[in-house]
Every structure is written in structure tokens, then in C-alpha cells.
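>>> pasted the sequence and its predicted model underneath.
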Amino acid sequence: MAYIFDNERPIYIQLVEIIRIQIVSGKFQKGQKIPSVRELALTMKVNPNTMQKALAELENEKLIYTERTNGKYVTEDESLVEKVKKELAKEKVNNYLNSMNDIGISYDEAIKYLQELGGKNGIS
Amino acid sequence: MLKKLLKYDLEWCYKPLIVFYILAIFFAIITRVIESFEQTLILVIIDKICSGITIAMMINILINCFMRNWARFIKNIYKDESYLTHTLPVTKNKIYLSKVLTAIITLLTSSIVIVSCVAIVCLNENSWSLLKTSLENSAIFLNCSISSLIIVLVITVFFEFLFIIMSGILGIIIGHKSNNLKIVKSIICGLGIYMAFSIISLLIIYIAGLLNSDIMSVFNNIVVSSTALKSIMIMGIFIYAIYICIVYFIGNKLLNKGVNVD
Amino acid sequence: MELVKCNNLCKEFDNKQVLNNINLSLPKGKIIGLLGKNGMGKTTLIKLMNDLLTPTSGEVLINGEKPSVNSKKIISYLPERTYLDKGMRVSQILTLFEDFYENFNKEKAIKLLNDLDLDINSRVSKMSKGMQEKLQLILVMSRDAELYILDEPLGGVDPATRDYILDTILSNFSEGASVIISTHLISDIERILDEVIFIDKGNIILTSSADELRAKENSSIDEIFRRCFKC
């Protein structure tokens, strides 16, 4: 799958965001082995060095860990994944509320929109 | 690596040459066969056409042998293909040597084919005895054996042709050192080198003549003594051999200084 | 040791300065973009690295050595023109590469050519220009080189082919190798670059890590390049 990158921001940060979402959404299962840097870079069509940097960043966040010779694995720390998920959720909600605010829609109204449209789109 | 280079150089040069070889020998044989029949008008006409084609093919072989070698050199060392040639992990010495060896080999086979064609067309008892007596006469005149006479003649002609090809190649190398009018400059340089060396040969013979009155007779007499001719021919071979070496080493040196391709 | 190093490198043609005192060192294991408008010296610099030009002064060192048989063994170079003998068949060219380059992987080349549905018995002269370019790219990327030098690999091709070319480069360069890509089409290529070098009128204007530059200037390399060279 090819991703469209925003050339205005460092590519590795964008990669971190993409993989972080894959982890919290369960696309990468907890404790699952993740493909090699080169493979990942190929599937996302980026430079392996950039991918390496992104994985290093994720490792810093403890979302993945390296098992000496076997490669990299997704963390098994459920509470950490939950925490990251919450942070992401907060960020998204904030973004939503901010953009609603920008078009002059108050907090209460914004909630209403959510309930109305969320139901219609089948998202509960 | 030299072998591999040689393989590709020879392949390229022989591609059209082989066709001409086959055609030349084919028409030479046809001519010979037709001549062996009783002559009618139509056969005479066909005979003339075939022998004409044979001669054209022989000239063609010689010219193509020269041009093919030069064309290969320019294309391979200075044109688009040079991007590959110069990025192969091979030294420039070997690249150059391969080109020179190709020239020698193609020239050798071309000469053999041309001589064979002449032999196929002309060789019968009459012409053979004629050739033999004239060779014998020359041999007696020069006071040497027939075989050594033939060897000397063949070597001289071969060296002369090889020297022409080598001068052309050196001309190309010098011509392509400048940034414009490369082909024109190559031709002028090639011709210039050939002529300069020819003049030097004359000078050498003249200087030899100053030391040896026998040789001097070439310059001031119509009748030339046999010893003079003999020494001049031997000298000629040595001079050509030295020239070919000089031209080879200069070319090698210049090429090794690096190229500037467009 | 640096993979490529230029020391006070100058190149003149007919007293016209094409490269002006270039000092540059390129590391191993990076994808490097050599970015500049046409005619600013990119190709000249690349040709100097490949022994196709001789410097007027200064030097280029590959692994600490002037261009030589050793450097040619480890550099896989894609020029902007077709350098193949048009009279040859693809299979003959594969043999030629196999004959001369120890690190040429023929099976890989054949596989990549098959992916393109290219018949290896066809002659180069019978192929379209675009196909010839793809063939050359495949030949170059099928070598296990330490340095790939690609001169304008995206010039004059349609966007779909651009994707094909970028994919081929990314998926085939050997691990730990460096890739130098010269181009003036920056937006297409910038996502895969580690380092960028801006070259203008024979001078190196800027060298930087791509992501650092993006973070610092808060815009794309393409945008920064345009700003730098506004006419």
C-alpha cells in the first residue's frame, strides 16, 4: 500500500504517526513481530534509512522493542497502547472541536452533529 | 578481461566484413567457374560482371576494414557507448590494446581473403609460371630466396596498412581532446601524423644515403642497385615497426590521461 | 572513510567554468539527491566521478582513490543517455554485463525484465525510447554495487513510469549502498531522500539532511529549492 506523504513535514515523523495508528488500531497485534526495516520501507515506498529512524522513534516511545537477534516486536504492554490511543483520541477530538469552532459551531451543537451523523454513518 | 573486450570488438568489426568476405569469395569462385566454360558472348558478359563485383568486393573489404576499426574506436571511446566502455572495470590500457589487436586481426584476415580471391580468379598454370618467373627474376636480382622476398613484401604491405589504421586512431585520440569539430580535427591529425612519419622515413633514407652511396642512388639514379633496394626494404620494415610502436605508445599515453566525452 | 570526496574540484570547458571549487563528501548508506536546474553542473560532477571527464584541477576520490578499475567495480552508473549498442539483443547485453561486472545479478535482471514483459531476444534498436531507458535502469539496479549514480532517471517520463522507476530503485539497491540521484524534478523524489545537495552555476549552495531541512524551514524541499533559485 502506498501512502501519500506531506512533503512539508519530515517523512519519518509521518511514518511514526502511521505506524502508531496501526499499532493502536490493532493492525499490528500486541507482541507481533513486525517486518524488517527494508520490507516495511518497501511496502510504504520510502527510504529504508527513514524507516529506520521512524522505528527508532517508536522504540523510544516503547511502542515497539527489539529482541536482540530476532528483530522488532510490537509492545505487549496493553496499558501503554491504551494510553497512546487515548492521547490520539484526545488529539482528534480537539482537532474536531477546533475546526467546528472555526466555522462558528458551539461545543453543544458539535456534539449534536456527532450524534446525528455518527449514527447515520453506522459508527457507534 | 582483454579476451572479453576483444570478443566484443571483433564481433562488431566482423559483422559486415564477414558478409563481404563471403560475397568476394563467392563471386571469385563464380568467375573462375564461368571462365572454365567455353566462352560465349553471354558468358563473357557474366564473367565481366562477376569479376567486376569481385574486385569491388575486395576494395570494399579493405576500405571497410579501415573504416570499421576507426568507427568502432570513435563510437566506443567517445560517443554514447563510451559511457559504458569507460565505466567497465577495465584499464584504459586494455581497452586500447584490444582495439589495436582487433585492427591487426581484421587486417590479417582481410588480406588473406583478398589474396585468396585473387588466387581463385587468376591462378592457373600460365599465370602461376608467370608469377613464379617474375618472382624468381626479382629474387635473383635482389640476390635472395623467393620465400624471403615474399615475406619481406607481405610484411611491408601489412605494416603499411597497419600503420595507416594506427595513425587514424591516434588522430582520433588527438582530435577528440578538443571540445569542438572533433571529427574534422581527427581526420586532419590522422592525415598529418601519417604524412609526417612518411616524410621522416624519406629523410631517414636520405640520411642513410649520405652515408651509403648505394642507397643514394634512389634519389639521383633511375637504375637502382639490388643491394640498395634490399637495404631500403629491410630498413622500411624496421622503420614501420618502430613507427607502429611509437604511435601505439603515444596513443596509450594520451588515452590514459583520461577522456572528456560529450 | 567517505564513499565519495571532492577536493577543490574544478572543471572548465573552453575557459568556461562549469564546476567551481567543489568540496563535497558523501557518506555510505544514504540516498542523496543532487538537485539543480538543467545546465548547472550536475551531469559534469557525475561524469567526473565516473572517469568520463578529467578534472581541470582538484580531485574526486572514490573510497579514497581516484576513479579507477576499483571504483568502477563498485559504482553502478545510469547516464542520461542510452549507452547500449543498438544492434545488440537484450540477451547479449545481459551476457556483456555478466562478463564484465562480477556483481551483476543476471537472474534478478531477467526477473525484472519479465515483470515488464520484455522479450530478452529483442534487439535494442527495436525497442521504444522509454523501454530502452527502463532496460538500462534494470541493468544498473541489478548490480550489487556500493554506489549507484543515477543521472536524471525521471527526466522526460510520464508519472506512472516515474513511480515504476522510483520503486525499482528503492526495492533493488543493495543494503548499505549509497544512491546519488540527480534531478530537477524534486517533488517526485524528495520523499525517498536522506540528504540533499543544491547545485547552482557550478557551486554547491547547500548540503543538508532532508528531514532536518524540512523541519527547519517548515516546507517541502521542492518549495525551498524554488525559493532558493527564484528567477
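Cool, the structure landed.

>>> in the host helix or strand of residue B:239, what counts as buried?
With elements taken from DSSP states H and E, the one containing residue B:239 is helix B:226-256. Under the neighbour-count criterion of 16 or more other CB atoms under 10 Å in any protein chain shown, helix B:226-256 has B:228-233, B:236-237, B:239-240, B:243-244, B:247-248, B:251-252, B:254-255 buried. Every C-beta, even on glycine, is put in place using the N, C-alpha and C of the backbone.

>>> how about stretch A:49-59?
A:49, A:50, A:51, A:52, A:53, A:54, A:55, A:57, A:58.

>>> go through those residues and name the one nearest chain B.
residue A:49 (26.1 Å; CB to the nearest CB).

>>> need phi/psi at the residue nearest to the closest one when sequence neighbours are not counted.
Take residue A:49 and drop its neighbours on the chain: the residue closest to it by CB to CB, 6 or more residues apart in numbering or on different chains is residue C:194, 5.1 Å away. Residue C:194 adopts backbone torsions of phi -90, psi -50, taken as degrees, to the nearest 10.

>>> could you do residue C:37 as well?
Dihedral pair for residue C:37: phi -70, psi 170, per degrees, to the nearest 10.

>>> which non-adjacent residue is nearest it?
Computed as CB to CB, 6+ apart, the closest residue to residue C:37 that is not its neighbour in sequence is residue C:184, at 5.6 Å.

>>> contacting residues for that neighbour?
Counting by CB atoms under 8 Å, 6 or more residues apart in numbering or on different chains, residue C:184 makes contact with C:35, C:36, C:37, C:38, C:152, C:155.

>>> give the buried residues for stretch C:151-164.
Quick answer for stretch C:151-164 (16+ other CB under 10 Å): C:151, C:152, C:153, C:154, C:157, C:162, C:164.

>>> which element is the nearest residue to the second one once chain neighbours are set aside on?
By the measure of CB to CB, 6+ apart, the closest residue to residue C:152 outside its immediate chain neighbours is residue C:80, 4.5 Å from it. Under the criterion of DSSP H and E, residue C:80 resides outside all helices and strands.

>>> thought residue C:142 was touching residue C:173?
No: the criterion here is CB atoms under 8 Å, and residue C:142 misses it with residue C:173 at 10.6 Å.

>>> look up phi and psi at residue B:181.
Per degrees, to the nearest 10, the backbone of residue B:181 is at phi 50, psi 40.

>>> next, count neighbours for residue 75.
Since no chain was named, I'll use chain A. The tally of other residues near residue A:75 (other CB atoms under 10 Å in any protein chain shown) stands at 20.

>>> that answer is for a different chain, and I need it for chain C
By other CB under 10 Å, the residues close to residue C:75 number 26.

>>> read off the pLDDT value for it.
Residue C:75 carries a pLDDT value of 96.

>>> what's next to stretch B:255-262, contact-wise?
Against stretch B:255-262 from outside (CB under 8 Å, 6+ apart): B:77-79, B:82-83, B:86, B:92-93, B:95-96, B:173, B:176-177, B:179, C:47, C:51-54.

>>> one more pass at 10 Å, please.
Here stretch B:255-262 makes contact (CB atoms under 10 Å, 6 or more residues apart in numbering or on different chains) with B:77-83, B:85-86, B:91-93, B:95-96, B:99, B:169-170, B:173, B:176-179, B:182, C:11, C:13, C:47-48, C:50-55, C:66-67, C:79, C:81.

>>> quick check: mean pLDDT of that stretch?
The pLDDT scores in stretch B:255-262 average 89.

>>> what does chain A put close to chain C?
Residues of chain A lying close to chain C by CB under 10 Å from any CB of the partner chain are A:2-14, A:37-38, A:41-42, A:44-50, A:52-53.

>>> filter the residues you listed down to the buried ones, ChimeraX style.
Of the residues of chain A next to chain C, the buried ones go into a single ChimeraX selection, burial set by 16+ other CB under 10 Å:
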select /A:5,7,9,10,11,12,13,14,37,41,42,44,45,46,47,48,49,50,52,53
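
>>> so which of the residues of chain A next to chain C belong to strands?
Of the residues of chain A next to chain C, none are assigned to strands by DSSP state E.

>>> which other helices and strands does the helix or strand harbouring residue B:126 contact?
For residue B:126, the host element (DSSP H and E) is helix B:125-142. Judged by 3 or more CB pairs under 10 Å, 6 or more residues apart in numbering or on different chains; DSSP states H and E, helix B:125-142 is in contact with helix B:92-122, helix B:146-175, helix B:226-256.

>>> same thing but 6 Å
Counting contacts by 3 or more CB pairs under 6 Å, 6 or more residues apart in numbering or on different chains; DSSP states H and E, helix B:125-142 is packed against helix B:146-175, helix B:226-256.

>>> good, wrapping up.
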